[in-house]
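> model this:
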Amino acid sequence: MTTGPLPDNSSSVTPGTAAHRARPARDPRWDTTRWIAGTLVVVGHAIEEIRDLDSMRWLYLATWPLRIPVLALVCGYFSSAHVPDAREARRALTSLAVPYLAFSVLHTAQIRLLGGGWRFFLGETAWGLWFLMALLFWRVALPYLAALRHPLTASVGAALLVGYFDEFGAVFTASRAVAFLPFFLLGWKIRQGFLSGFLTSPATGPPSAAVLLLSAAAVWWARDDIRLAWLPMRGHYGGESAVFGPEGAWLIRAALLLYGAVVAVCLVRLVPRRRVPVLTFLGSGGMYVYLWHILFIRAAHHHGVTEFADHWYEAGLVVAAAVALAVALASPPVRALTRPLVQPGRPVRRGARARELT
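Sure, this is the predicted structure:
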């Protein structure tokens, strides 16, 4: 099993084999994909305070399937369905639990320093850290889900059904983890060869680009009809019930799951299979971007940094700053300084940085 919510690599073979012991070669396409999705997560959080602008509301909605759905898909691709031995289980637990606890403390301290009260995150996860808990759940459950005859179909059913259970709630992000599970399993299925023809055929490139363009256009047209509360899928059905009634509330989530999966796969198809200079390297530091950016964004929102943005071109400066923040957080100095918190126990591979930047 690999480390962190935005893993670097994994294996899908059984323990004890030579292939299991050897670290597989990196696939640059997935590092680049992770960079795109991680950067869009930063942008999405940065513009939350200015979503009343048409351009920013459209951007937030249009990039939704390219953010968490793609990150979950990437994590699934790099996850293994074999039952870990004791050493692997300890490593996996440490790689997720240590960053989770460390950043929960940092969130508590920051909220206090910004003038809030003492807020400790136990059953309720801090902003953004829900993904670590969800990833832990996904990886623990994967060997058992893989034993099912149709794990992806079962996960979609669970994602739709969980919205009807109030008591499932947001404790340890349980409801959200189940809701986004289909994207994780889709990534794992792709690693097993699912959709391999689509992702490698030259003929599928133009249709994939058309899907992304049509998606962006459709979201612009429907931006005022799409409710932002539908997208997080963090609890029981609320606003969904107002559209189709309680019995049909699942239809909106089903549409989101299908939409997210189609757009996410089309994005992966369009990402070059070769190494993209700089971006592929930055993508390998996706965990640093994800964990650190939230603290910067919270501080920016607290101090009203984005309040000047009254027009689309001013909002564009916010987007540019968010992209610059993502680049900085994935840079070698940040990785070197914060590795013990973000990737505890991970050795530094000397010489790798220069090779991966080119």
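> rest of the way, CA atoms for contacts and neighbours
Noted.
> Buried residues in stretch 199-206, which are they?
Of the residues in stretch 199-206, 199, 205 count as buried by neighbour count, 16 or more other Cα atoms under 10 Å.
> Mind checking the pLDDT average for it?
Mean pLDDT, stretch 199-206: 96.
> swap in stretch 109-129?
87.
> what's the first-to-last distance across that stretch?
Taking Cα to Cα, to the nearest Å as the measure, stretch 109-129 stretches 15 Å from start to finish.
> Centre of the chain to the helix or strand encompassing residue 314, how far?
Element membership for residue 314 (DSSP states H and E) is helix 312-329. Centroid separation for helix 312-329 versus its chain: 19 Å, with Cα atoms, centre = their mean, to the nearest Å.
> ok, now stretch 325-341?
The answer for stretch 325-341 is 18 Å, by Cα atoms, centre = their mean.
> Stretch 98-116 too?
In terms of Cα atoms, centre = their mean, the centre of stretch 98-116 is set 21 Å apart from its chain centre.
> Tell me which residues of that stretch come out buried.
Neighbour-count burial for stretch 98-116, with 16+ other Cα under 10 Å as criterion, is recorded at 98, 99, 100, 103, 104, 107, 108, 109, 110, 111.
> Those: which two are farthest apart?
98 and 111 (20.1 Å; Cα to Cα).
> one step back: could I have the CA atoms of the helix holding residue 314 written out in PDB?
Extracted in PDB, the C-alpha atoms of helix 312-329 (Å, rounded to 0.1, in the frame of the first residue of the first chain):
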ATOM      1  CA  TRP A 312     -14.000  38.500 -13.800                       C
ATOM      2  CA  TYR A 313     -10.500  39.800 -14.500                       C
ATOM      3  CA  GLU A 314     -10.000  40.500 -10.800                       C
ATOM      4  CA  ALA A 315     -11.200  37.100 -10.000                       C
ATOM      5  CA  GLY A 316      -8.700  35.800 -12.600                       C
ATOM      6  CA  LEU A 317      -6.000  37.200 -10.300                       C
ATOM      7  CA  VAL A 318      -7.300  35.000  -7.500                       C
ATOM      8  CA  VAL A 319      -7.200  32.000  -9.800                       C
ATOM      9  CA  ALA A 320      -3.700  32.800 -10.900                       C
ATOM     10  CA  ALA A 321      -2.600  33.100  -7.200                       C
ATOM     11  CA  ALA A 322      -4.100  29.800  -6.400                       C
ATOM     12  CA  VAL A 323      -2.200  28.100  -9.200                       C
ATOM     13  CA  ALA A 324       1.000  29.800  -8.000                       C
ATOM     14  CA  LEU A 325       0.300  28.500  -4.500                       C
ATOM     15  CA  ALA A 326      -0.100  24.900  -5.800                       C
ATOM     16  CA  VAL A 327       3.200  25.200  -7.700                       C
ATOM     17  CA  ALA A 328       5.000  26.500  -4.600                       C
ATOM     18  CA  LEU A 329       3.600  23.800  -2.300                       C
END
